[in-house]
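A.B. asks: this one's sequence-less:
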């Protein structure tokens, strides 16, 4: 990959991160109690990991996007804090 392709790959992952992170939070019942920035960061990391996985497996865009959302949901599960009223 050329440096320009790498830059587009990374920036695209960050931009998609907000959408992927939001969808990941929607999949987790009683989602975490954190704000927009952590959601975007988790989504960006999930989008990046999903892109790498999709490229390695030679997947088309739809399975890659599904992998990104699933990874984001797992990230939300890992980083959520329990609510004060529930154990």
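C.D. replies: In hand now; what should we look at? In this text, all values refer to a predicted model and were calculated from it rather than measured experimentally.

A.B. asks: Could you pull out the strands in the protein for me?
C.D. replies: Assigned by DSSP state E, the chain shows no strands.

A.B. asks: Output the below-cut-off pLDDT ranges for it.
C.D. replies: 31-32, 81-87 (pLDDT under 70).

A.B. asks: And the contacts of the longest helix seen in it?
C.D. replies: Assignment by DSSP state H gives helix 3-27 as the longest helix of the chain. With Cβ atoms under 8 Å, 6 or more residues apart in numbering as the test, helix 3-27 has contacts from 1, 31-32, 39-48, 50-51, 65, 68-76. For glycine as for every other residue, the C-beta is placed from the backbone atoms N, C-alpha and C.

A.B. asks: For ChimeraX, write a command that selects the buried ones of those.
C.D. replies: ChimeraX command restricting the contacts of helix 3-27 to the buried ones, with burial defined by 16 or more other Cβ atoms under 10 Å:
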select :31,32,39,40,41,42,43,44,45,46,47,48,50,51,65,68,69,70,71,72,73,74,75,76
